[in-house]
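> task: produce atomic coordinates for the following.
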Amino acid sequence: MSTPAYSQPQTVLKEFNTGMVAALFFIIEFLPVGILFGAMSLDTGLSTLSTIGMSTLVFAGASQFLALTLLNTGATTGTIILGTLIINLRHVLMSSYIASAIPKGNALHRIITGALVTDEGFALTSQRITSGSKMSPWYVLGVNVSLYLQWQFSTLAGIYLGNAVPGMQDMGIEAALYALFISIVVVSVSKRTDILLALIAAAIAVTLTLNGYSSSAVLLASLVASLLGLGVYKWAKKSGS
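Prediction:
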């Protein structure tokens with residue numbers, strides 16, 4: 001059996017570095033979310049070491065915030081573990097999809113593509129898959145390692161700020177989660193239509209917020225933009241047939 005081109009030493013390093021650099025964009029998301037997590041962990045009563053350990057071993061923002069919430073309610077360890085497992089089940093599907101796009105992939109390659117998978121990494125990797133570019137497990141690993149390091153840095157920043165800045169833990173989690181999902185959307189925007197729909201959604205959200213509908217602004221803006229996008233897609237498909 002021939003060795004895949006992506007397994008050549010020089011290609012491995014090149015693909016890994018490409019993935020590392022491509023994922024740097026997500027620091028604009030990871031910083032606010034990670035900082036908030038670090039600060040909230042201290043407020044929940046976790047030690048600095050426990051907070052670092054959770055980010056190091058779990059590496060799943062939604063699951064970590066869920067764990068903090070359950071800890072505050074006095075939930076048992078079993079409940080916390082079960083809750084985080086349920087939330088992270090989607091990663092099985094993500095890993096399977098990415099692994100299926102690797103030509104001549106073996107068990108090692110599947111492990112590499114499945115390790116440290118996140119929503120952000122999946123968005124970036126699936127964009128490369130749908131664009132028709134050749135896939136490499138080392139590119140996926142570079143993306144995931146880059147995101148992993150960003151999350152650890154952001155958590156440490158949150159621990160420092162949580163100790164140094166009074167009230168840091170009172171920042172709204174909603175704002176951090178908005179940053180999370182916006183960054184996932186932005187990285188997948190490539191066509192003019194996508195950009196236009198994103199701008200329309202942003203304009204609707206701002207308008208609703210300024211008129212006193214801040215609690216539902218993002219949801220309604222996303223819904224309207226999605227319906228517009230669906231209409232444009234169907235119109236384009238009908239015109240092309």
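> sketch out the low-pLDDT regions of the chain for me.
The chain contains residues with pLDDT under 70 at 1-10, 105, 165-190, 215, 240-241.
> show me it divided up by domain.
Following automatic domain parsing, the chain resolves into domains at 5-173, 189-240.
> buried deepest among the ones you listed, which one?
With neighbours taken as mean count of other Cβ atoms under 10 Å, those reach their highest mean count in domain 5-173, at a mean of 18. Bear in mind the C-beta positions are built from the backbone N, C-alpha and C, glycine included.
> quickly find the element holding the residue nearest to the spatial centre of the chain.
Nearest to the mean C-alpha position of the chain, counting by Cα atoms, centre = their mean, stands residue 120 at 2.9 Å. Secondary structure assigned from DSSP states H and E places residue 120 in helix 119-130.
> can you check residue 231 too?
Assigned by DSSP H and E, residue 231 falls in helix 214-240.
> how distant is that helix from the center of its chain?
When distances are taken as Cα atoms, centre = their mean, to the nearest Å, helix 214-240 is centred 22 Å away from the chain's centroid.
> cool, stretch 102-110 as well?
On Cα atoms, centre = their mean, the centre of stretch 102-110 falls 23 Å from the chain's centre.
> try stretch 36-54
The chain centre lies 20 Å from the centre of stretch 36-54; the measure is Cα atoms, centre = their mean.
> dump it to PDB, keeping only the CA atoms.
This file holds the C-alpha atoms of stretch 36-54, laid out as PDB (Å, rounded to 0.1, in the frame of the first residue of the first chain):
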ATOM      1  CA  LEU A  36     -15.300  34.400  32.000                       C
ATOM      2  CA  PHE A  37     -14.900  30.700  32.800                       C
ATOM      3  CA  GLY A  38     -11.700  31.300  34.800                       C
ATOM      4  CA  ALA A  39     -13.300  34.100  36.800                       C
ATOM      5  CA  MET A  40     -16.600  32.200  37.400                       C
ATOM      6  CA  SER A  41     -14.700  29.100  38.500                       C
ATOM      7  CA  LEU A  42     -13.000  31.000  41.300                       C
ATOM      8  CA  ASP A  43     -16.400  32.500  42.300                       C
ATOM      9  CA  THR A  44     -17.900  29.000  42.400                       C
ATOM     10  CA  GLY A  45     -15.300  27.900  44.900                       C
ATOM     11  CA  LEU A  46     -12.900  26.000  42.700                       C
ATOM     12  CA  SER A  47      -9.200  26.400  43.300                       C
ATOM     13  CA  THR A  48      -6.800  27.700  40.800                       C
ATOM     14  CA  LEU A  49      -5.400  24.200  40.300                       C
ATOM     15  CA  SER A  50      -8.900  22.700  39.800                       C
ATOM     16  CA  THR A  51      -9.800  25.300  37.300                       C
ATOM     17  CA  ILE A  52      -6.700  24.700  35.300                       C
ATOM     18  CA  GLY A  53      -7.200  21.000  35.500                       C
ATOM     19  CA  MET A  54     -10.800  21.200  34.200                       C
END
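> quick check: closest non-adjacent residue to residue 141.
Of all residues not flanking residue 141 in the chain, residue 112 sits nearest, at 5.0 Å (Cβ to Cβ, 6 or more residues apart in numbering).
> that neighbour: what's it in contact with?
Neighbouring residues of residue 112 by Cβ atoms under 8 Å, 6 or more residues apart in numbering: 137-138, 140-141.
> picking that back up, tell me how far the closest residue in space to the residue nearest to the centre of the chain that isn't next to it in sequence lies from residue 125.
Leaving aside its chain neighbours, residue 120 sits nearest to residue 26 (5.0 Å; criterion: Cβ to Cβ, 6+ apart). Computed with Cβ to Cβ, to the nearest Å, the distance linking residue 26 and residue 125 is 12 Å.
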